[in-house]
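Novice: coordinates only, no sequence provided:
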């Protein structure tokens, strides 16, 4: 460990006994009220409130915590950032910039801004490789069942139902089910301890993990290795673009064209020569820069792991929209020409559940997508799906498009009240989601095969609905038909659709294993 030698502060140290009789550790701590050469030092900043969760950016460090540890490697994106490696320790100098903290590395002595969701307090459960924070049951299963994980891979997450409790999720295997995940509730004792079964109680989660790593003791198997943690998503390109996110066009380099649409192109590119991004370029005249900037202000505030994150914009024409990069491209291309052609129903239903989860968030935020279809869903590694282009359809000024006629308008995905009368609501998005379900099970087939747009409008108004696609379960087609109810208010919510699809294959099984029967 590097001993700090900064001239403006006096450092003190404390001897801590190491584990297993190892040599004592020297912990260096800044003494804020100390004096050096008889000069008064600046008063320390007031302690900020406790942060919410490790998987989200901590807005402020916990009160009284001075040392943080890096959970991942990070490469600086700008001259203001600080590069670091997993395991480096930091002192936080300034936490007023929200998702970005000014820090000093106690390893290198360097100072700069670091993303706050890349670090955690030293010796906290947030610093443990197996702790995943606010992760839902379904997302835990997605992570454990991907990346070739073996039996005994595990993680601990916050309980979705019981405040202060946790859940242990373990990948298991048997001849009948193959790879699957079992969940165990970790309950909290009044005195602060933890247990899965009352016969084995532990003071800390670390002790619980140590115990079940040595023996299964009634679990499906012993804990072998923590699940791999993907890099957390950053909501901004840098601390400077956090609030001022109009960026110079020269800061972007377009490298590879990924797609070409009616209103522009999508490119893989880099920002500032350091950061891989996706760039959507719009043809001049597609939408007014003023209207776009107004809508982008709202889009920037929408933050969910199933929505493609908007990073920055160039609002002068041609408009550039800069977002996170998704490695597999659009869901439509993925299903028709990519790896998606080989996917079986469980994967397809899970992808639908991810889209429903993102749309449930849009529903909660009282927002509307207006153009929900597989072409506007992007796919990343491990079959992660994210919703793109939410809200942009409202801004398109093309006459043929705004008249909701002709080839440019997606009639086949649009609810009749929206196509005929311009009544776009979250319920018209639900109709579009039902059409997207047909795209998934048919691997990207155009809806209403053999019918043109005018015929589709006429037939749907008369009550026609697409029949059950080949090899599609009846229960899934029934869900589609619910999405296509003539009365928008009779269509399900996205919250319901998410729950239905997430539990599609597990509705008959208990969600958690009975701990007290171990």
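Specialist: Right, received. Where do you want to start? Just so we're clear, the structure is a prediction, and the values are computed from it rather than from any experiment. Numbering: from 1, shown residues only.
Novice: report how many residues lie close to residue 184.
Specialist: Residue 184 has 23 neighbours, counted by other C-beta atoms under 10 Å. Placement of C-beta: from N, CA and C, glycine included.
Novice: that one should be in a strand, yeah?
Specialist: Yes: secondary structure assignment places residue 184 in a strand (DSSP: H, G, I helix; E, B strand; the rest coil).
Novice: so it makes contact with residue 170?
Specialist: Yes: if you go by C-beta atoms under 8 Å, residue 184 and residue 170 touch, sitting 7.4 Å apart.
Novice: would you map out the domains in the protein?
Specialist: Here the domain assignment for the chain is 1-39, 45-127, 137-230, 249-323, 330-502, based on automatic domain parsing.
Novice: now the first one: mean pLDDT?
Specialist: Predicted confidence along domain 1-39 averages 39 (mean pLDDT).
Novice: over to stretch 409-416?
Specialist: The average of the pLDDT scores along stretch 409-416 is 91.
Novice: likewise stretch 173-188?
Specialist: Stretch 173-188 shows a mean pLDDT of 92 in the predicted model.
Novice: could you do stretch 449-459 as well?
Specialist: 94.
Novice: so which bits of it are buried?
Specialist: Of the residues in stretch 449-459, 451, 453, 456-457 count as buried by neighbour count, 16 or more other C-beta atoms under 10 Å.
Novice: secondary structure added to those, as CSV?
Specialist: Converted to CSV, the buried residues of stretch 449-459 look like this (three-state DSSP):
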residue, secondary structure
451, coil
453, helix
456, helix
457, helix
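Novice: list the buried ones in stretch 217-229?
Specialist: With the criterion 16+ other C-beta under 10 Å, stretch 217-229 contains buried residues 218-223, 226-227.
Novice: can you list those in JSON lines and add distance to residue 367 and pLDDT?
Specialist: As requested, the buried residues of stretch 217-229 are arranged in JSON lines below (distance: C-beta to C-beta, whole Å; pLDDT from 0 to 100):
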{"residue": "218", "distance to residue 367": "46", "pLDDT": "91"}
{"residue": "219", "distance to residue 367": "42", "pLDDT": "94"}
{"residue": "220", "distance to residue 367": "41", "pLDDT": "94"}
{"residue": "221", "distance to residue 367": "43", "pLDDT": "95"}
{"residue": "222", "distance to residue 367": "45", "pLDDT": "96"}
{"residue": "223", "distance to residue 367": "41", "pLDDT": "97"}
{"residue": "226", "distance to residue 367": "36", "pLDDT": "97"}
{"residue": "227", "distance to residue 367": "32", "pLDDT": "96"}
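Novice: mark which of these are part of strands, please.
Specialist: Judged by DSSP state E, those include residue 226 as members of strands.
Novice: residue ranges with poor pLDDT in the chain?
Specialist: When the per-residue scores of the chain are filtered using pLDDT under 70, the ranges that remain are 1-65, 262, 391-408, 507-518.
Novice: residues in contact with the most centrally placed residue in it?
Specialist: To find the centre residue of the chain, average its C-alpha atoms and take the closest one (C-alpha atoms, centre = their mean): that gives residue 305, at 2.2 Å. Listed by C-beta atoms under 8 Å, 6 or more residues apart in numbering, the contact partners of residue 305 are 139, 233, 386.
Novice: just the buried subset of the residues you listed, please.
Specialist: In the contacts of residue 305, burial by neighbour count holds for 139, 386, counting by 16+ other C-beta under 10 Å.
Novice: could you give the number of residues near residue 164?
Specialist: Using other C-beta under 10 Å as the criterion, residue 164 is surrounded by 9 other residues.
Novice: residues contacting it?
Specialist: Contacts were defined as C-beta under 8 Å, 6+ apart; by that measure residue 164 touches residue 188.
Novice: any idea how far it is from residue 184?
Specialist: Separation of residue 164 from residue 184 (C-beta to C-beta, to the nearest Å) stands at 16 Å.
Novice: part of a strand, is residue 155?
Specialist: Yes: counting by three-state DSSP, residue 155 is found in a strand.
Novice: residue 299 sits in which helix or strand?
Specialist: Under the criterion of DSSP states H and E, residue 299 resides in helix 289-301.
Novice: tell me the buried residues in that helix?
Specialist: By neighbour count with 16+ other C-beta under 10 Å, helix 289-301 contains the buried residues 289, 292, 295-296, 299-300.
Novice: same list, the buried residues of stretch 449-459, but as CSV with distance to residue 285 please.
Specialist: Conversion of those to CSV gives the following (distance: C-beta to C-beta, whole Å):
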residue, distance to residue 285
451, 31
453, 23
456, 28
457, 27
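Novice: for residue 467, state which of those residues is nearest.
Specialist: Of all those, the one sitting nearest residue 467 is residue 451; the distance, using C-beta to C-beta, is 12.7 Å.
Novice: coming back round to it: mind checking which of the contacts of residue 305 are in strands?
Specialist: Secondary structure assignment by DSSP E places residue 386 of these in strands.
Novice: residue 267 touches residue 260, doesn't it?
Specialist: No: here residue 267 lies out of contact with residue 260, judged by C-beta under 8 Å, at a distance of 10.1 Å.
Novice: of these two, who's got more company?
Specialist: residue 267 (20 against 8).
Novice: now the strands for the stretch 101-250 of the chain?
Specialist: For the stretch 101-250 of the chain, the strands identified by DSSP state E, counting those that start in this stretch occupy 111-115, 119-121, 153-158, 166-174, 178-188, 194-195, 201-202, 225-226, in order along the chain.
Novice: partners of the last one, with directions?
Specialist: Strand 225-226 has the following sheet partners, assigned by DSSP bridges: strand 153-158 (parallel).
Novice: still on that earlier bit, with distance to residue 421 added, can I get the buried residues of stretch 217-229 in CSV?
Specialist: Below are the buried residues of stretch 217-229 laid out as CSV (distance: C-beta to C-beta, whole Å):
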residue, distance to residue 421
218, 61
219, 57
220, 55
221, 58
222, 61
223, 57
226, 54
227, 49
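Novice: between the buried residues of stretch 217-229, which is nearest residue 204?
Specialist: Closest to residue 204 out of the buried residues of stretch 217-229 is residue 223 (14.9 Å), distances taken as C-beta to C-beta.
Novice: how close does the closest one sit to residue 193?
Specialist: To residue 193, residue 223 is 19 Å away according to C-beta to C-beta.
Novice: quick one: the helix or strand hosting residue 270 to chain centroid distance?
Specialist: With secondary structure defined by DSSP H and E, residue 270 is part of strand 264-271. Strand 264-271 has its average C-alpha position 21 Å from the chain's average C-alpha position, going by C-alpha atoms, centre = their mean, to the nearest Å.
Novice: coming back round to it: so which of the strands of the stretch 101-250 of the chain comes closest to residue 71?
Specialist: Proximity of the strands of the stretch 101-250 of the chain to residue 71 was assessed by C-beta to C-beta; the nearest stretch is strand 119-121, lying at 5.9 Å.
Novice: that concludes my questions; thank you for your assistance.
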